[in-house]
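Enquirer: Sequence and predicted structure below; questions after.
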Amino acid sequence: MRHSFRFDGHLHIPADKLTTALGSALNNNLDFIMLTDYDEIRAFNYLAEKKMDNFDVERVDDQILCVSNAGRQILVGSGEEVKTKEGHLLAWGVSDVVKSGRSLKDTVENILGEGGIVVFPHLYVSSFHGCGERAFLSMVNVYGGGSLALEVNGQIPDCLNANAKSKSLGKFTNCAVFGGSDIHGAYGTEACKVGFRTYSVVQGDLQNAVESLRDVVKRYYGVEVVDMPNTLVETLAWNARSLLKSPVKKIKSIF
Ligand SMILES: [Zn+2]
């Protein structure tokens, strides 16, 4: 029996790119992905309604679907990227939409209260709406290290050092650090990169996938980041639209 699985917990995939994204995830041997729409659980619900021609979809429980094609299968989890007043959070394993626009504290309380998992993505990159170190530490003070997780983000090139800082902060605060690709499938050929960008190898049982993630957060070990970040050019290329809106602010905030 296998005791680990390959997991990407940060994906923005619109319904019309699900076929490409799932095909890529299967080809690259991911075992489990979490769809994390902004303020919605749209792509997961679309899949759950079995609207895909080329994939069989079975519901495992409220938060997990098993998607298969030609004898291969992958689990798909229900997640969300929630916009709080202080920055963005990932909510894993939530069945209802977590409302955006509230304080970080109220949002964290809401996600944990629903049995969800709270992950702080791209913490140090304000142009990606990371919450920042101070906000994160204030939540660690309230909830403790084994309740929250951090992320090494595949859209942040190594040269920026922000992922290295998240890793150190995880060690310092006893918080698990997951790898997530943050692929935005709507842009260009990004959906083809699922499984070919940063992901996590999680120690645990795939049969109880969300529980295994929860255990890793509690123990703050048992996850290894497979770091395959974009180059700066790749990230800026798909970000070009927002970059054009406020170039100086955006580039400054990355550095
Ligand atoms: Zn994201």
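Expert: That came in fine, so what should we check first?
Enquirer: mind listing the helices for the stretch 151-255 of the chain?
Expert: For the stretch 151-255 of the chain, applying DSSP state H, counting those that start in this stretch gives helices covering 162-173, 209-219, 232-238, 240-245, 247-254.
Enquirer: Tabulate these (a markdown table), appending distance to Arg42, mean neighbour count and mean pLDDT.
Expert: Bear in mind the C-beta positions are built from the backbone N, C-alpha and C, glycine included. Formatted as a markdown table, the helices of the stretch 151-255 of the chain follow (distance: least, Cβ to Cβ, whole Å; neighbours: other Cβ atoms under 10 Å; pLDDT from 0 to 100):
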| stretch | distance to Arg42 | mean neighbour count | mean pLDDT |
| --- | --- | --- | --- |
| helix 162-173 | 28 | 18 | 96 |
| helix 209-219 | 19 | 20 | 96 |
| helix 232-238 | 20 | 15 | 81 |
| helix 240-245 | 20 | 11 | 63 |
| helix 247-254 | 26 | 13 | 54 |
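Enquirer: Which of those sits closest to Met34?
Expert: Proximity to Met34 (Cβ to Cβ) singles out helix 209-219 among the helices of the stretch 151-255 of the chain, at 8.7 Å.
Enquirer: now the closest residue to Leu123 other than its chain neighbours: how far from the ion?
Expert: Among residues not flanking Leu123 along the chain, Gly130 sits closest, at 4.5 Å (Cβ to Cβ, 6 or more residues apart in numbering). Separation of Gly130 from the ion (Cβ to the ion, to the nearest Å): 10 Å.
Enquirer: pLDDT score for Gly130?
Expert: Gly130 is assigned 97 on the pLDDT scale.
Enquirer: Would you mind confirming that it is in contact with Leu89?
Expert: No: judged on Cβ atoms under 8 Å, Gly130 makes no contact with Leu89 at a distance of 10.0 Å.
Enquirer: Show me the common contact partners of those two, please.
Expert: Here Gly130 and Leu89 share the contacting residues 120-121, scored by Cβ atoms under 8 Å, 6 or more residues apart in numbering.
Enquirer: sorry, back to before: count the neighbours of the residue nearest to Leu123 for me.
Expert: 24 (other Cβ atoms under 10 Å).
Enquirer: so it, which of the three states?
Expert: coil (DSSP: H, G, I helix; E, B strand; the rest coil).
Enquirer: How about the stretch 101-250 of the chain: which residue is closest to the ion?
Expert: Asp182 (4.4 Å; Cβ to the ion).
Enquirer: What distance do you get for that residue to Lys105?
Expert: Taking Cβ to Cβ, to the nearest Å as the measure, Asp182 falls 24 Å from Lys105.
Enquirer: Between those two, point out the one with more neighbours.
Expert: Under the neighbour definition other Cβ under 10 Å, Asp182 and Lys105 were set side by side, and Asp182 has more, 26 against 16.
Enquirer: Quick check: longest strand in this protein by residues?
Expert: When the chain is parsed with DSSP state E, its longest strand is strand 72-83.
Enquirer: That one: what's the following helix or strand?
Expert: Next helix or strand after strand 72-83 toward the C-terminus (DSSP states H and E): strand 88-92.
Enquirer: For that following strand, what is the distance to the chain centroid?
Expert: Chain-centre distance of strand 88-92: 7 Å, with Cα atoms, centre = their mean, to the nearest Å.
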